[in-house]
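Novice: Next comes the sequence, and after it the predicted model I'd like to discuss.
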Amino acid sequence: MEQGAGKEIREAIADPSPECQEKAWNIVIPLVEKLKRCYEHSLELERIVPKLLGQLVGGRLNPTQHLETQQALVKQLAEILEFVLKFDEYKMKTPAIQNDFSYYRRIASRQRLDQTNEMIISTELANRMSLFYAHATPMLKVLSEATSKFVQDNSDNVDNTTETLGTMAKVCLRMLENPKLLAQIEREETHLLLLRVMVGLVILYDHVHPVGAFARGAHVDVKGCVRLLQAQPAVKAEPLLNALRYTTKHLNEDNTPKNIRNLLAA
């Protein structure tokens, strides 16, 4: 996502000359603008996801019929899930994000910068961005909360929503388990997309289903998903296994079978 301005920030802290300060500031500003755009994208997700789910689970069709007849919307949801998992993966590997933003806020506060300058972020927006980036997986948090709110606001669609998410997760798993289908996947990135989407669906299911994804009788094959991930190279699998370990809601509850907890033990 970004290389960060760590070197220039360290130099500016060590050398208070105007040249060093300006150099660090000029490098930090475009990075902060990028962080602002990503944050604004999260607000768009918050707005769009409930509308997307409303179309995918509402009406008279059952979940299977929805998935068969609304493939363009299914693709959109899959692409959102992939983006969310990908973004949070990068964010967790990039401590420069918070360091750069902290430096920006310190300097902006000290200089009482002109609020009319388009490059400047208002104090209120900076506060909201700080809260967003302080979370380990900020995009997934936004997506989970938007989906949970959709279910709360549309209580008649709880079963349809969870069954749709669960069915999509099963489709991803079956595609990834089927040697013939796998052979048709030419691009490595497509394989990774399917893995990310599968994991994202399990996490969302766990957030919106009353007893979660890990309880017996859940509409998702968590054990199959975990075993499939464990068979992948560590560089692919570990970030996604960590997402299941640390961003799900019900993993550590009493009704989660011990064998599932053992499978996911770090």
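Specialist: Now that the structure is in, tell me what you want to look at. Quantities reported herein were computed from a predicted structural model and do not represent experimental measurements.
Novice: Could you report the neighbour count for the closest residue to Gly6 other than its chain neighbours?
Specialist: Using Cβ to Cβ, 6 or more residues apart in numbering and skipping the chain neighbours, the partner closest in space to Gly6 is Ala96 (5.8 Å). Yep, even glycine has a C-beta here, placed from its N, CA and C like the rest. Applying other Cβ atoms under 10 Å, we find 16 residues neighbouring Ala96.
Novice: gap between Ala96 and Gly4?
Specialist: Between Ala96 and Gly4 the computed distance is 2 Å (Cβ to Cβ, to the nearest Å).
Novice: what do these two both touch?
Specialist: The contact sets of Ala96 and Gly4 do not overlap (Cβ atoms under 8 Å, 6 or more residues apart in numbering).
Novice: pull the helix or strand with minimum mean pLDDT from this structure.
Specialist: Using mean pLDDT, DSSP states H and E, the weakest-scoring helix or strand in the chain turns out to be helix 6-14, at a mean of 76.
Novice: average model confidence for the following helix or strand past it?
Specialist: Downstream of helix 6-14, the next assigned helix or strand under DSSP states H and E is helix 18-57. Helix 18-57 shows a mean pLDDT of 90 in the predicted model.
Novice: tell me the angle of helix 18-57 relative to helix 6-14?
Specialist: 140 degrees (axes from the mean of the first three to the mean of the last three Cα atoms, to 10 degrees).
Novice: Show the secondary-structure elements that helix 18-57 is packed against.
Specialist: Under the contact criterion of 3 or more Cβ pairs under 8 Å, 6 or more residues apart in numbering; DSSP states H and E, helix 18-57 touches helix 6-14, helix 63-69, helix 71-92, helix 96-111, helix 123-134, helix 138-153, helix 158-177.
Novice: Quick check: which of these is nearest to Leu240?
Specialist: Checking the helices and strands packed on helix 18-57 against Leu240 by Cβ to Cβ gives helix 71-92 as the closest, at 7.2 Å.
Novice: Output the closest one in CSV with nothing but the alpha carbons.
Specialist: The C-alpha trace of helix 71-92 is given here as CSV (Å, rounded to 0.1, in the frame of the first residue of the first chain):
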residue,chain,number,x,y,z
GLN,A,71,-24.3,-13.9,-10.6
ALA,A,72,-23.3,-10.3,-11.3
LEU,A,73,-24.2,-9.3,-7.7
VAL,A,74,-22.5,-12.5,-6.3
LYS,A,75,-19.3,-11.4,-8.2
GLN,A,76,-19.6,-7.9,-6.7
LEU,A,77,-19.8,-9.3,-3.2
ALA,A,78,-16.8,-11.6,-3.9
GLU,A,79,-14.7,-8.7,-5.2
ILE,A,80,-15.6,-6.7,-2.1
LEU,A,81,-14.6,-9.6,0.2
GLU,A,82,-11.3,-10.0,-1.7
PHE,A,83,-10.5,-6.3,-1.4
VAL,A,84,-11.3,-6.2,2.3
LEU,A,85,-9.1,-9.3,3.1
LYS,A,86,-6.3,-8.0,0.8
PHE,A,87,-6.4,-4.5,2.3
ASP,A,88,-6.3,-5.7,5.9
GLU,A,89,-3.4,-8.1,5.1
TYR,A,90,-1.3,-5.2,3.7
LYS,A,91,-2.3,-3.0,6.6
MET,A,92,-1.2,-5.5,9.2
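Novice: Quick one: mean pLDDT over it.
Specialist: 93.
Novice: ok, and for that helix, which residues are buried?
Specialist: Neighbour counts over helix 71-92 (16 or more other Cβ atoms under 10 Å) mark 74, 76-78, 80-89, 91 as buried.
Novice: for these, which one is nearest Leu143?
Specialist: Among these, and counting by Cβ to Cβ, the member closest to Leu143 is Val84, at 5.1 Å.
Novice: Which pLDDT value belongs to the closest residue in space to the closest one that isn't next to it in sequence?
Specialist: Spatially, and ignoring its direct neighbours in sequence, Val84 is nearest to Met139 (4.3 Å; Cβ to Cβ, 6+ apart). Met139 is assigned a predicted lDDT (pLDDT) of 96.
Novice: likewise Thr164?
Specialist: 92.
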